[in-house]
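Chemist: Here is a sequence with its predicted model. Questions after.
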Amino acid sequence: MSIFLQLITLLALVMFANTFQFNLNLALNHRGGLQSQRLHSSLATETTTTSLDELKFKIVQLGAALDRGQAYNPTSGSYYSGTMAEAKTLIESLPSKPPTSISDMDGEWELVLSTVPHGIFRSSPFFMAIQDAFSYAENTTAFGEDKANLFFKLHELQTCSWGVSKVGRVAQRFDSTTSVMSSEFDTSIFSLTVIPILGWFKLLPTFGGCVVTVSKYTLSDDMSDVEFTVDYTTSRPVEGLQGLGEWIWKVKVPVGAVWRLLPWNKGREAKGSVKNVFCDEQFRVVQDTDGEFFVYTRPVVPRPLEL
């Protein structure tokens with residue numbers, strides 16, 4: 001009888017152990033499934049972030065390869081056109097992400113890539129206002145070419161040929177408290193002037209500075225469009241670059257006031273606009289009215305500006 005009771009007790013213990021193990025496995029599997037789901041979700045988020053960061057890195061890398069876009073010059077030829085096409089494709093694959101607040105654009109931004117032909121100086125509101133003004137002409141083409149692009153091509157040829165001038169740093173600053181946008185580009189004059197073939201020394205001294213165009217700006221309700229009105233243009237010294245004299249830094253050219261007086265502008269203001277394609281804490285992309293892109297990042301070496 002005692003043996004029978006022992007067998008019954010042993011059987012009960014075995015059944016209890018099996019039941020306990022089954023419930024334990026079930027609980028562990030459920031917990032493991034939740035952890036797997038969380039891990040998968042985490043990996044998906046990380047992959048998305050990594051993909052976006054990788055995309056931005058490639059765009060910046062192409063900006064370096066293309067000298068911010070200056071290496072591709074359709075006037076000279078179609079070389080680098082494939083690289084520029086790849087840059088445009090990458091930019092267009094960015095998710096649409098306009099700023100969520102007007103203050104998101106505040107601060108300093110440096111240009112790292114532009115897809116526009118004929119000069120990265122075209123990021124300036126002054127030149128965008130010229131581009132906009134040509135759109136009001138009775139005939140917007142000349143010699144089979146868009147008048148605005150023809151103007152920029154001639155401007156580039158006249159100012160950049162034979163080392164007459166070079167464009168350096170290009171940047172923008174926004175201040176949402178005053179609605180003021182400052183657009184800057186450094187320029188050096190006579191940086192590479194020599195007698196062709198025979199020259200072994202510079203003919204003229206190098207000088208220059210930072211050209212600053214100050215504008216008022218507004219954003220659309222959905223933050224996707226930026227419209228600006230040019231006020232004036234001035235200049236500031238650049239450390240290590242000789243200027244024309246102290247007097248030049250005090251000159252303010254009233255572009256906005258003069259613009260309205262020009263007969264072909266018919267009283268219109270010096271206006272322009274861009275579309276916010278992408279904007280986060282460190283990376284910003286805008287598109288002009290011709291569909292060309294300007295890519296900006298926060299500067300590694302910020303530079304103060306006093307107006």
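Modeler: Received the coordinates, thanks. Numbering: from 1, shown residues only.
Chemist: My read is that Asp146 contacts Thr140, right?
Modeler: Yes. Here Asp146 reaches Thr140: they are 6.5 Å apart, a contact under CB atoms under 8 Å. C-beta coordinates here come from the backbone N, C-alpha and C atoms, glycine included.
Chemist: higher neighbour count, the two?
Modeler: Asp146 (16 against 11; other CB atoms under 10 Å).
Chemist: Any regions of the stretch 51-200 of the chain where pLDDT drops low?
Modeler: In the predicted model, the stretch 51-200 of the chain carries pLDDT under 70 at residues 75-77, 142-144, 148, 150-152, 154-163, 192-200.
Chemist: distance of the nearest residue to Leu52 once chain neighbours are set aside from Glu86?
Modeler: Spatially, and ignoring its direct neighbours in sequence, Leu52 is nearest to Pro95 (7.5 Å; CB to CB, 6 or more residues apart in numbering). According to CB to CB, to the nearest Å, Pro95 stands 19 Å off from Glu86.
Chemist: Between those two, which has more neighbouring residues?
Modeler: Glu86 (15 against 9).
Chemist: picking that back up, hey, what's in contact with both of Asp146 and Thr140?
Modeler: Each of Phe134 lies in contact with both Asp146 and Thr140 under the rule CB atoms under 8 Å, 6 or more residues apart in numbering.
Chemist: I'd guessed Val277 sits against Pro95; true?
Modeler: No. Val277 lies out of contact with Pro95 (CB under 8 Å); the separation is 9.5 Å.
Chemist: start to end distance for stretch 129-141?
Modeler: One end of stretch 129-141 sits 17 Å from the other (CA to CA, to the nearest Å).
Chemist: just stretch 96-109 next, same as before
Modeler: Start to finish, the residues bounding stretch 96-109 are 19 Å apart (CA to CA).
Chemist: same check, this time on stretch 137-147
Modeler: End-to-end distance of stretch 137-147 (CA to CA): 9 Å.
Chemist: Mind listing what's buried along it?
Modeler: Residues of stretch 137-147 classed as buried: Asp146, Lys147 (neighbour count, 16 or more other CB atoms under 10 Å).
Chemist: Tell me how many other residues crowd Asp106.
Modeler: For Asp106, the tally of surrounding residues (other CB under 10 Å) stands at 14.
Chemist: Next, work out how far apart it and Asn149 are.
Modeler: 32 Å.
Chemist: again, but for Gly267
Modeler: Gly267 sits 26 Å away from Asn149, going by CB to CB.
Chemist: Same drill for these two, tell me which one is more crowded.
Modeler: Neighbours per residue (other CB under 10 Å) separate Gly267 from Asn149, with Asn149 holding more: 19 against 9.
Chemist: Chain neighbours aside, what residue packs nearest to Thr100?
Modeler: Using CB to CB, 6+ apart, the nearest residue to Thr100 is Met223, at 6.8 Å.
Chemist: Over to the one you found. Which of the three states is it?
Modeler: Three-state assignment for Met223 (DSSP: H, G, I helix; E, B strand; the rest coil): coil.
Chemist: so it makes contact with Lys275?
Modeler: No. In this structure, Met223 is not within contact of Lys275 by CB under 8 Å, at 10.5 Å.
Chemist: For the chain, which segments are assigned as strands?
Modeler: Counting by DSSP state E, the chain has strands at residues 107-114, 141-142, 145-146, 165-175, 180-189, 207-219, 225-236, 271-279, 283-287, 293-297.
Chemist: Residues touching the first one, excluding its own?
Modeler: So that's strand 107-114. Residues contacting strand 107-114 (CB under 8 Å, 6+ apart): 59-60, 62-64, 66, 68-69, 87, 120, 122-123, 169-174, 284, 292-299, 302-303.
Chemist: Please identify the buried residues of it?
Modeler: Neighbour-count burial for strand 107-114 [16+ other CB under 10 Å]: Glu108, Trp109, Glu110, Leu111, Val112, Leu113, Ser114.
Chemist: can I get these in JSON lines with distance to Val212?
Modeler: Putting these into JSON lines (distance: CB to CB, whole Å) gives the following:
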{"residue": "Glu108", "distance to Val212": "13"}
{"residue": "Trp109", "distance to Val212": "14"}
{"residue": "Glu110", "distance to Val212": "15"}
{"residue": "Leu111", "distance to Val212": "14"}
{"residue": "Val112", "distance to Val212": "20"}
{"residue": "Leu113", "distance to Val212": "22"}
{"residue": "Ser114", "distance to Val212": "19"}
